[in-house]
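**Q** Structure for the following, please:
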Amino acid sequence: MTGLRPGPGTLYGAIARLESRGLIEPLESEDRRNPYRLTALGQKALTARLAALETVTKTGQRRLARA
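**A** Now for the predicted structure:
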């Protein structure tokens, strides 16, 4: 999205925060990858965040249409 690639500290810090908040949970892995799954709480939080972003987007689009 931004054209920038996050560094390892940024990514692992975000994963740690999401896991500590119960929004994701680790899955078993057969290789060196560390897969995660969205929890039910994570799905609720994501749905709410997307709804809020949709509201902001729609408001912005309405204002641009009137400009």
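**Q** most centrally placed residue in this protein?
**A** residue 46 (6.8 Å; C-alpha atoms, centre = their mean).
**Q** hey, where'd the helices end up in this structure?
**A** For the chain, the helices defined by DSSP state H cover 8-20, 40-66.
**Q** For the chain, spot the helix or strand the model is least confident about on average.
**A** helix 8-20 (a mean of 91; mean pLDDT, DSSP states H and E).
**Q** where does this protein have low pLDDT?
**A** Residues of the chain meeting the criterion pLDDT under 70: 1.
**Q** re earlier: how close does the residue nearest to the centre of the chain sit to residue 65?
**A** Distance, residue 46 to residue 65, by C-beta to C-beta, to the nearest Å: 28 Å. Heads up, the C-betas are built off the backbone N, CA and C, glycines and all.
**Q** swap in residue 21?
**A** 37 Å.
**Q** more neighbours, those two?
**A** Remark: of residue 21 and residue 65, residue 21 carries more neighbours, 12 against 7, as counted by other C-beta atoms under 10 Å.
**Q** how about the nearest residue to residue 34, chain neighbours excluded?
**A** residue 26 (6.4 Å; C-beta to C-beta, 6 or more residues apart in numbering).
**Q** Across the sheet, point out what pairs with the one you found.
**A** The partner list for residue 26 in beta bridges (DSSP bridges) reads residue 36.
**Q** can you count the residues close to it?
**A** When neighbours are counted by other C-beta under 10 Å, residue 26 comes out with 11.
**Q** quick one: contacts for it?
**A** 19, 34-37 (C-beta atoms under 8 Å, 6 or more residues apart in numbering).
**Q** which parts of stretch 43-51 are buried?
**A** Within stretch 43-51, the residues scored as buried using 16 or more other C-beta atoms under 10 Å are residue 45.
**Q** Kindly export it (C-alpha atoms) in CSV.
**A** C-alpha atoms of stretch 43-51 as CSV (Å, rounded to 0.1, in the frame of the first residue of the first chain):
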residue,chain,number,x,y,z
GLN,A,43,-12.8,-11.3,13.5
LYS,A,44,-15.1,-9.0,15.6
ALA,A,45,-12.4,-6.4,15.9
LEU,A,46,-11.6,-6.5,12.2
THR,A,47,-15.2,-6.3,11.2
ALA,A,48,-15.7,-3.2,13.5
ARG,A,49,-12.5,-1.6,12.1
LEU,A,50,-13.5,-2.1,8.5
ALA,A,51,-17.0,-0.7,9.2
